[in-house]
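S.K.: okay, sequence plus prediction incoming.
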Protein chains: 2
Amino acid sequence: MQDLFQLICAQEMLAHCATFAPLAEEHVPLGVARGRVLSRDVHSPAALPPFARSIMDGFAVRACDIAGCSDSEPALLQLCGEIMMGESGSSRSLSLAAGQCLRIWTGGKVPRGADAVVMQEDTKLHSPDTLAVFRPVTPGSNIIHAGEDYSQDSLVLSKGHQLRPQDLGLLAGFGIREVAVHQRPKVAILSTGDELVPVEQTPSGGQVRDINSTILAALVEEVGGMAQFLGICKDNLAALQHRCYQALDRADMILLSGGSSMGHRDLTRRVFSSLPDSELLVHGVSARPGKPAILAKRGNQALLGLPGHAASAMVVFYLIARPLLRRMLGLAAQHGLTPLEVVAARQIPSPIGREDYVRVRLLPAKHGGPPRAEPIHAKPGLLNSLVRANGLLPIARDSQGLEAGENAWALLFPHIPHIS
Amino acid sequence: MQDLFQLICAQEMLAHCATFAPLAEEHVPLGVARGRVLSRDVHSPAALPPFARSIMDGFAVRACDIAGCSDSEPALLQLCGEIMMGESGSSRSLSLAAGQCLRIWTGGKVPRGADAVVMQEDTKLHSPDTLAVFRPVTPGSNIIHAGEDYSQDSLVLSKGHQLRPQDLGLLAGFGIREVAVHQRPKVAILSTGDELVPVEQTPSGGQVRDINSTILAALVEEVGGMAQFLGICKDNLAALQHRCYQALDRADMILLSGGSSMGHRDLTRRVFSSLPDSELLVHGVSARPGKPAILAKRGNQALLGLPGHAASAMVVFYLIARPLLRRMLGLAAQHGLTPLEVVAARQIPSPIGREDYVRVRLLPAKHGGPPRAEPIHAKPGLLNSLVRANGLLPIARDSQGLEAGENAWALLFPHIPHIS
C-alpha cells in the first residue's frame, strides 16, 4: 500500500523545533532555580568581594616593611591587635602605620595601610606585641582585592545559561534572591487506544495497561518540563479533538501517543489538523523508530504525535520532544544526550536511506579501549529492550551499519537522578 | 607550624563512605520514583504481554494455509471479520479454522487458531470476504507471544537499580503502582562564620553574604537528597553543638561549612567529637582542595565538615558528600560524575604527594581530537573559577602534572537539569 508520508530526516526535524520560541519569563527564588535557564543577562550589582580580603590565616602587613627578611634575619613588626571576622577594619579606626601588623583570619577584611598578608607559618611571636617574619611577600600577596572576583556592572551570567549550584551561589553572593528564567513547559500527555486501561485497572480480554503515560511523564520531568496526565482516550476523532482542545488552554505541548497503525496515524493527523490555527509541520521522520511521528504547531504550542509502542515512543521523544522542550526552556533545540565513544560488540546492519537509532547495551571495554556497545534487536512491542538498554546508537542514513569492532558514538540515556 | 592532621587520600575516603548503610525502605508512587533506587528485587507478577499480540496491522492467519504463495500465485483466505482493539478474540468465540483469516491491528490479541500475522502490505482484498496473500510467513511471524517480554516470576529489576523512565513504564505495565526504594537522605546545612550574613541582608563592614548554603543545598538536591537549611551560626562551640544536636533529630547528614582557618577547623572537630556516640573517621584529605575535610559518624548519620571557601567546599562535596549521599540512596559510594577524555590545553603542574582536583574549562577540540581542558588557576576565595569551570581534572598524587597536549580524564559537573 502507498506511503502517504512526507518523510524528513531527524536533522530537518530539529530545524522545525527551532521555529518554536523559548517560553515567557518568570521570576523564581534561587531555591528552585537549579536547572532553569536565564531569560536575560545578569550583571553584577556590586563588586565581589566588596572589600579586600585575606585568603590566609596570618598577619596583615605592609610589604615594604618586611622586604629582605629571612630565617636568619627576620623582620620584627609591632603586633597591634586582631581583625575580628566580620569586623570592619576601618570602623575601629584600625589601620597600619609603618612597622606595624595586625592578626587576620581567612576571609577577614584587610585593614587600611596593609597591602599584603603573611602566612602564619612564616612567622613567630617574639613577644605578645612583637612578630618575627621570616619570609618577604610582594604587595598584594595572599589578598583578594575588592572586585577581583567580579567588578561592578560586569556580565556575570548570560541569557540562555542553565543554572548550576555554583551559579546560584554567585547570585546569592550578590544578594540576588530571585532570578529571571524561562517558564517550564507544561506538557499534556494523552494516550489513545481502545485496548488501553489505566495502570490501576486489571486488563481483561485483549486489553493492556497504559505504559506510555508513565514513561512520557517521567521523560518530560527529566528534561525540566511539567507533565499533566490527561488520561486515556478512545480512538475517536471527536473525543480526541475535545481533549486536545481543552489541553491547549493551559499546555505548551501535547504529547499524544497512540497505536502506530495506519488508521491511528491518520487519526492523530486529523485531530491536529482540525484544531483552530494549527499548522502541520511534519508528518513522518525517516528514522527507525520514528516514521509515524507527527508535529503540528499552533502559535507557540507544539502538538506531537508519537508511536504507540513504548520503545518507539521513547526514542521519538528523545529525537523530537526533548529538543522542543529544551528549546522552550531556553536551551538549544537539541536532544542534549551525552555522547560516548563505543566499539560495536558485533555487526550492526542498517538499511541505507534511513537513520537508525539502535538501542544498545554497554559492556566493559576489552583491552582498555572504549566500552563495547551490544545492539538489542527486539520486536517493536517489547519493553525489555528499553529496560536493558543504556542508550541509542545512531547510524546515518547513508551507512549500511557497523562492523564488529568498529568505533561509533552512542547517546547515553540520562542516568543522573532528577528527583522532584 | 605543625600539621596535626592525619591526611588520607580520596580513595581511602570512599572506603569510609562505604561503611554507611543505605537508608531505610519506603514505598513511593511511580509518579515520584524517578531517580530513586530499588531497595529490593522486583519480580514480574504476571507474564507480559499477558496474551499473544500482533506487532503489525494485517491479518491473523495459520501459516500453513499460505505456505508457498507468491505474487503470481496468491493464497486466497476467507476473511471472517476483525479483531477490535481491546477485544478478546476468544470472548466472541473468534477462532480461525483452516483457510480463514481475521483482520487485526497492531497490538491486537491474536485469535485462537492463528499462529502468525501477515502484513497488510503483502495482501489485497479480492472481495469483501476473500483476502489474497502474496507472501508466506513462518509460524510466529509478526507476533509477540504471551510472556515473550517478561515471563511470570522473572527478575525484572534488581535491588540497587536507579529507576529511569522506561523502568517506571515497565512497573506500570505490571500494574505495580508503588515501589520499594531507599529513603532520600535529609541533609542539614549549616554555615559557620562570624563574618557571614544571610543572603537577604546587606553586609556591612567586613561582612559577606553566606554563599555556601545556597550552593550546598543545590548540590544536595542535584544528587537526590533533601536539603534543610539550618542557617548561619557564629563560631561558637556551644552554639554549634546545640544546632548540630538538634539537627541530628531528623537529618541523615550534617554539612557544616566554615572558615578553613586553623581555629575553625579545630572548632568543627571539637563539635563533632563532642556529640554523643560520634566517632571521628577522617580529619583531613590529602587532596587539593580538601585538606580541611572532617568526617564523623554517629550510628548511620554522617557529620561532614567542609572548607569555608565556596570553591573548595564544592570540590570536597563532590569528593565526599556526593559518594556518601549516593550510598545512602542505595547506589555505589562513588561521586558518579561523568568522565570525559580531554587534552591539556596547556601545562598543568601539580606537586607530588597530593591529589589535585584542578578546575578546568572545556574548549572545542583542535583537529578533531578530544576537547581541550584549560586549567583555571585562581586564588582560593574566587567564585568565578567555579562559575567558569565545566568540571574537575584529577591529577594523581604521584604525578607532577600534565604537559600541554597530554591526554587525561576530566570529571564533568552534572549539567542536566534536575528541577524539583
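M.R.: Noted; the coordinates are in hand. Numbers count the residues shown, from 1 in each chain, chains lettered A, B, ... in the order given.
S.K.: pretty sure A:Met13 belongs to a helix, no?
M.R.: Yes - applying DSSP: H, G, I helix; E, B strand; the rest coil, one finds A:Met13 inside a helix.
S.K.: run a quick neighbour tally on it.
M.R.: 24 (other C-beta atoms under 10 Å in any protein chain shown). Quick note: C-beta positions are derived from backbone N, CA and C, even for glycine.
S.K.: that one: what's it in contact with?
M.R.: A:282, A:285, A:293, A:295, A:319-320, A:323 (C-beta atoms under 8 Å, 6 or more residues apart in numbering or on different chains).
S.K.: same check on A:Ile143?
M.R.: Here A:Ile143 is in contact with A:52-55, A:110, A:115-117 (C-beta under 8 Å, 6+ apart).
S.K.: can you read off the pLDDT for it?
M.R.: Each residue has a pLDDT score; the one for A:Ile143 is 95.
S.K.: so it bridges to which residues?
M.R.: When bridges are called by DSSP bridges, A:Ile143 pairs up with A:Ser54.
S.K.: just the contacts of A:Met13: which are in strands?
M.R.: A:282, A:295 (DSSP state E).
S.K.: what is the nearest of the contacts of A:Ile143 to chain B?
M.R.: For these, the residue nearest chain B by C-beta to the nearest C-beta is A:Ile55; the value is 5.1 Å.
S.K.: in the stretch 301-420 of chain A, where is pLDDT below threshold?
M.R.: A:415-420 (pLDDT under 70).
S.K.: give me the subset of the contacts of A:Met13 that also touch chain B.
M.R.: Among these, no residue sits close to chain B (C-beta under 8 Å from any C-beta of the partner chain).
S.K.: residues contacting the nearest residue to A:Phe413 once chain neighbours are set aside?
M.R.: Nearest residue to A:Phe413, sequence neighbours excluded (C-beta to C-beta, 6 or more residues apart in numbering or on different chains): A:Gly391, at 5.2 Å. Applying C-beta under 8 Å, 6+ apart to A:Gly391 gives the contacts A:337, A:340, A:359-360, A:362, A:410-413.
S.K.: secondary structure and neighbour count added to the residues you listed, as a markdown table?
M.R.: As requested, these are exported to a markdown table (DSSP: H, G, I helix; E, B strand; the rest coil; neighbours: other C-beta atoms under 10 Å in any protein chain shown):
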| residue | secondary structure | neighbour count |
| --- | --- | --- |
| A:Leu337 | coil | 17 |
| A:Leu340 | strand | 20 |
| A:Arg359 | strand | 26 |
| A:Val360 | strand | 26 |
| A:Leu362 | strand | 18 |
| A:Ala410 | strand | 26 |
| A:Leu411 | strand | 19 |
| A:Leu412 | strand | 16 |
| A:Phe413 | coil | 20 |
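S.K.: before we move on, back to that, kindly state the beta-bridge partners for the residue nearest to A:Phe413.
M.R.: A:Val360, A:Leu412.
S.K.: so which bits of the stretch 1-150 of chain A are right by chain B?
M.R.: Within reach of chain B by C-beta under 8 Å from any C-beta, the stretch 1-150 of chain A has these residues: A:1, A:30-32, A:34-36, A:48-51, A:53, A:55, A:57, A:83-91, A:105-109, A:120-121, A:144, A:148-150.
S.K.: from B:Leu125, how far off is A:Val133?
M.R.: According to C-beta to C-beta, to the nearest Å, A:Val133 stands 100 Å off from B:Leu125.
S.K.: and these two? Which one has more around it.
M.R.: Neighbour count, other C-beta under 10 Å: between A:Val133 and B:Leu125, A:Val133 has more, with 23 against 12.
S.K.: hang on, the more buried one packs against A:Thr123?
M.R.: Yes - using C-beta atoms under 8 Å, A:Val133 is in contact with A:Thr123, at 5.3 Å.
S.K.: list residues touching both of those two?
M.R.: Shared contacts of A:Val133 and A:Thr123, counting by C-beta under 8 Å, 6+ apart, come down to A:Phe59.
S.K.: residue of the stretch 201-350 of chain A closest to chain B, please.
M.R.: A:Gly205 (2.7 Å).
S.K.: what is the nearest of the contacts of A:Gly391 to B:Leu237?
M.R.: Taking C-beta to C-beta as the measure, B:Leu237 sits nearest to A:Leu412 out of the contacts of A:Gly391, at 47.5 Å.
S.K.: low-confidence ranges, chain A, go.
M.R.: Ranges of chain A meeting pLDDT under 70: A:1-9, A:88-94, A:259-265, A:415-420.
S.K.: run the last query once more with 50
M.R.: For chain A, applying pLDDT under 50 flags the ranges A:1-5, A:260, A:417-420.
S.K.: related to what we said a few turns ago, roughly how far apart are the residue nearest to A:Phe413 and chain B?
M.R.: For A:Gly391, the distance to chain B equals 11 Å [C-beta to the nearest C-beta, to the nearest Å].
S.K.: ok, now A:Leu363?
M.R.: 17 Å.
S.K.: from A:Val110, how far off is that residue?
M.R.: For A:Leu363, the distance to A:Val110 - C-beta to C-beta - is 57 Å.
S.K.: who's more crowded, those two?
M.R.: Between A:Leu363 and A:Val110, counting by other C-beta under 10 Å, A:Val110 is the more crowded of the two (25 against 14).
S.K.: gap between the closest residue to A:Gly336 other than its chain neighbours and A:Val37?
M.R.: Excluding the flanking residues, the one nearest A:Gly336 by C-beta to C-beta, 6+ apart is A:Arg326, at 5.6 Å. According to C-beta to C-beta, A:Arg326 and A:Val37 sit 9 Å apart.
S.K.: now A:Gly107
M.R.: 32 Å.
S.K.: tell me which element the spatially most central residue of chain A is part of?
M.R.: Closest residue to the average C-alpha location of chain A: A:Gly35 at 5.5 Å, with C-alpha atoms, centre = their mean. Using DSSP states H and E, A:Gly35 sits within no helix or strand.
S.K.: wait, it sits on A:Gly224?
M.R.: Yes - if you go by C-beta under 8 Å, A:Gly35 and A:Gly224 touch, sitting 5.6 Å apart.
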